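> here is a sequence together with a model predicted from it:
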Amino acid sequence: MRLSANILNSAEQRTNPIGEREILLRSLAIPAIEHLAVTRDQFDTIDLSNNHLARLENLPKLERLSCLYLGGNGINFVDGKNLKKNCPSLKTVILSGNGVKGWNVIGDLGLGCSKLEFLSLVGNPVTRRQHYRLFTIHKIPTLKVLDFQKVKQSERERAQRLAVSAAGAAMEADARLEARAAAVASSAVSDDTAFASSTHVNGENGTNTFEPGEGKSAEESFATQFTVDEKAKIRDMVANAESAEEIDRIESLVKRGIFPGSSETANVSIPPPPPPPPLPEETTQGIDGKRSAEGGEDGTDSKRQRAG
């Protein structure tokens, strides 16, 4: 189930036991983070536990956000630059039971969360790697609690010694290699998605046969009808949208192959929903006949009353 603006607007919101405003988006089979700008940065905590997320990315400007619950997903990628730019106040990240296995992900968390104090990676493959705890403490020096265990001063000192050792240098080299591999894999996934989408809208000879209004979905049109710069601008428009209606308008234009920021959009409106189907002819005639019969009876009664 996509994380749509309607789902966000109807999700449970509460003040949690420690007095923070929280929105609950648990167990909705959400495959990707999107449209969170609809929340208008009104929450301290966002709970996205037990969904189908594979990547921690695409977060809009959420300067109030201090806690992310992401346990029970399949996350194996973290966009550190996105977190650093848009979520500067993050102090707690729960990633228990995900798919994190590379040192590069821990480095991205350290890059993106300069105030991170509480981190859980329990149940991730990376926790089985040698020196995991010391490496994590070194890469995220602000940590106070890691995997529900307090970070001790002696651990910080050991982490510093590891960082300047040959073992630490080897781990850093592994982290760089894993980061490159993750970037290549991410690019390959994007290319495959774009190619699969293009087969639905391109002719057999490879020429583009798309016409505005003929796209099967906004995703297909987005993948095939816009330049890289236009795609980046569309993502920003969606991330900064202030209402569900604005997001719907952007998606409608994209589906029709129209760039939302172009001059053409001034005269383009979202078509209204279709009218309800007309009643069957027999039903209409039956209703009219009944009304005529009732009118006839009423007229006869009136005549009798005047004659009396």
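Thanks, I have the structure now.

> okay, helices next: where are they in the chain?
Read by DSSP state H, the chain holds these helices, from start to end of the chain: 5-10, 80-86, 103-112, 132-139, 153-163, 166-201, 218-225, 228-239, 244-255, 281-307.

> which one of these has the lowest average pLDDT?
Across those, the stretch with the lowest average pLDDT is helix 281-307; it has a mean of 48.

> list the contacts for the nearest residue to Ser89 once chain neighbours are set aside?
Spatially, and ignoring its direct neighbours in sequence, Ser89 is nearest to Ser66 (5.0 Å; Cβ to Cβ, 6 or more residues apart in numbering). Placement of C-beta: from N, CA and C, glycine included. Contacts were defined as Cβ atoms under 8 Å, 6 or more residues apart in numbering; by that measure Ser66 touches 20, 44-45, 89-92.

> pLDDT at Ser66, what is it?
pLDDT, Ser66: 97.

> how close does it sit to Thr45?
Taking Cβ to Cβ, to the nearest Å as the measure, Ser66 falls 7 Å from Thr45.

> now do the shared contacts for the two.
Taking Cβ under 8 Å, 6+ apart as the contact definition, Ser66 and Thr45 share the neighbouring residues Glu20.

> how deep is Arg21 tucked in, by neighbour count?
Residue crowding around Arg21 was assessed by other Cβ atoms under 10 Å; the count is 14.

> what pLDDT does it get?
At Arg21 the predicted local distance difference test score is 97.

> was I right about it contacting Arg40?
No. No contact is recorded between Arg21 and Arg40 when judged using Cβ atoms under 8 Å, the distance being 11.6 Å.

> any residues in contact with both of these two?
The contact lists of Arg21 and Arg40 share no entry, where a contact means Cβ under 8 Å, 6+ apart.

> the closest residue to Glu34 other than its chain neighbours: what's it in contact with?
The spatially closest residue to Glu34, leaving aside those adjacent along the chain, is Leu3, at 5.3 Å (Cβ to Cβ, 6+ apart). For Leu3, the set of contacting residues under the criterion of Cβ under 8 Å, 6+ apart consists of 25, 28, 30, 32-36.

> swap in Gly168?
If a contact means Cβ under 8 Å, 6+ apart, then Gly168 has 135, 138, 162 as its contacts.

> okay, it and Gly102: tell me how far apart.
Summarising the geometry, the distance separating Gly168 from Gly102, computed by Cβ to Cβ, is 16 Å.

> just Asn50 next, same as before
Taken as Cβ to Cβ, the spacing of Asn50 relative to Gly102 amounts to 23 Å.

> these two: who's more crowded?
Using other Cβ under 10 Å, the more surrounded residue of Asn50 and Gly102 is Gly102, with 22 against 18.

> residues contacting the residue lying closest to that one once chain neighbours are set aside?
If you skip the residues right next to it in sequence, Gly102 has Glu178 as its closest partner in space, 3.9 Å away by Cβ to Cβ, 6+ apart. Taking Cβ under 8 Å, 6+ apart as the contact definition, Glu178 lies against 102-104.

> tell me which of those residues is nearest to Val145?
When the contacts of Glu178 are ranked by distance to Val145 (Cβ to Cβ), Trp103 comes first, at 20.4 Å.

> and for that closest one, the neighbour number?
Look at Trp103: counted by other Cβ under 10 Å, it has 24 neighbours.
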